[in-house]
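Participant: got a structure for you, letters missing:
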Ligand SMILES: NC(=O)c1ccc[n+]([C@@H]2O[C@H](COP(=O)([O-])OP(=O)(O)OC[C@H]3O[C@@H](n4cnc5c(N)ncnc54)[C@H](O)[C@@H]3O)[C@@H](O)[C@H]2O)c1
């Protein structure tokens, strides 16, 4: 009997054993080894070594060889491909609109990323608040603490953390920050059902009030065409002078030029960034600000998280093979999935 194929596109590092168990007797797992897009397409088609692929496990590392899963790539996939199990919470490298048109479902890996990314945001917030990254750079440069801004900083205790996008990561950060305790306020597209009372919701009509309250604004909204530049010049201006901006979502969710201008004039007190608009390049202007704590997109870089993400992406594909659908269908495709 010929088994359907699951194509592993990009890194699968930690869950080899789990992969064997999940697909035993169910699918033939093939590793994509194409060095470019043309070879990838050629091998998906009849007679190619990926022929019979019904589901693709995708890691962002596959973009190095075949590029992102844009419209052209999705349209060129053979009709047999029905599921893309993306390894990552953010799926902005996949054109979900093109997937919808072609009837391909995309799943991501929420929850698996929450601890590692929320603790990254926590680190950025603490470092930005207390000048810790600046202190380390001063010490490593042999200058003890002479580089550190002279003004003493404040404790986080009693300050207000404003969360833009209370999903899995935002809520995990809220739980951690509450321990200081900080006051937690959030703005999302809608009130989050089941959010505890200590997480205070500010809807669109109270957005200005929300921004004005923030000692720290931490960004967790996903990157989509409508959220590009969501944190605009106007929004940044509504933060109080000296507020801190933290971003572990995606670089393009913030208007970077506006962020830099706000640092230049001292409107923002500090920033903590894990993500940038054109990774891996980083705007050299950012490097000039002593009050910027900068990480090279390390949000999910723990073994625990990486393994949980791989297993979750593969489990979605396994569930698709057995039950017709996995649990983590991205919001834009949930309607389509109900018709399956
Ligand atoms: N730095 C990293 O390594 C790293 C790791 C994982 C995830 N991420 C990024 O973090 C983002 C959030 O991840 P998550 O798992 O918490 O996602 P999630 O889907 O659980 O939460 C996102 C939240 O943002 C809200 N939202 C959407 N549009 C909004 C808008 N216009 N205004 C305000 N809120 C809005 C949603 O309602 C939801 O509550 C991902 O999209 C991903 O890009 C980064």
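Facilitator: Great, that's in hand. Remember, predicted model here, so these are calculated numbers, not experimental data.
Participant: Apart from its chain neighbours, what residue comes closest to the one residue in the stretch 51-200 of the chain that gets nearest to the ligand?
Facilitator: Of all residues in the stretch 51-200 of the chain, the one sitting closest to the ligand is residue 167 (1.7 Å; Cβ to the nearest ligand atom). The C-beta positions use only the backbone N, C-alpha and C, and glycine is treated the same way. Among residues not flanking residue 167 along the chain, residue 220 sits closest, at 6.1 Å (Cβ to Cβ, 6 or more residues apart in numbering).
Participant: Tally up the residues packed near that neighbour, please.
Facilitator: 27 (other Cβ atoms under 10 Å).
Participant: Report the contact partners of it.
Facilitator: 121, 163, 164, 165, 166, 167, 169, 170, 173, 248, 249 (Cβ atoms under 8 Å, 6 or more residues apart in numbering).
Participant: How much space separates it from residue 165?
Facilitator: 4 Å (Cβ to Cβ, to the nearest Å).
Participant: what does residue 290 give?
Facilitator: 28 Å.
Participant: same deal with residue 74?
Facilitator: Using Cβ to Cβ, residue 74 is found at 26 Å from residue 165.
Participant: Also residue 186?
Facilitator: Residue 186 is 8 Å from residue 165, by Cβ to Cβ.
Participant: swap in residue 65?
Facilitator: Distance, residue 65 to residue 165, by Cβ to Cβ: 31 Å.
Participant: same deal with residue 211?
Facilitator: Using Cβ to Cβ, we find residue 211 at a distance of 14 Å from residue 165.
Participant: ditto for residue 227
Facilitator: The gap separating residue 227 from residue 165 is 9 Å, by Cβ to Cβ.
Participant: overlap in contacts of those two?
Facilitator: Going by Cβ under 8 Å, 6+ apart, residues that sit against residue 227 and also against residue 165 are residue 221.
Participant: The two - which one has more neighbours?
Facilitator: Set residue 227 next to residue 165 and count neighbours by other Cβ under 10 Å: residue 165 wins out with 22 against 19.
Participant: before we move on, the earlier item: ok, now which ones touch the residue of the stretch 51-200 of the chain closest to the ligand?
Facilitator: Contacts of residue 167 (Cβ under 8 Å, 6+ apart): 110, 188, 220, 222.
Participant: of all these, which two lie farthest apart?
Facilitator: 110 and 188 (14.5 Å; Cβ to Cβ).
Participant: how close does the residue nearest to residue 170 when sequence neighbours are not counted sit to the ligand?
Facilitator: Leaving aside its chain neighbours, residue 170 sits nearest to residue 220 (3.9 Å; criterion: Cβ to Cβ, 6+ apart). Computed as Cβ to the nearest ligand atom, to the nearest Å, the residue 220 to the ligand distance reads 5 Å.
Participant: do you know how far residue 220 is from residue 227?
Facilitator: Taking Cβ to Cβ as the measure, residue 220 falls 11 Å from residue 227.
Participant: Find residues that contact each of the two.
Facilitator: If you check residue 220 and residue 227 against Cβ under 8 Å, 6+ apart, no residue is contacted by both.
Participant: What residues of stretch 45-52 count as buried?
Facilitator: 48, 50, 52 (16 or more other Cβ atoms under 10 Å).
Participant: next one: stretch 77-91
Facilitator: The neighbour-count check on stretch 77-91 (16+ other Cβ under 10 Å) flags 77, 81, 82, 83, 84, 85, 86, 87, 88, 89, 90, 91 as buried.
Participant: From those residues, which land in helices?
Facilitator: Per DSSP state H, helices hold no members of those.
Participant: Please go through the residues you listed and note which also touch the ligand.
Facilitator: Applying Cβ under 6 Å from any ligand atom to those, one finds that 89, 90 fall near the ligand.
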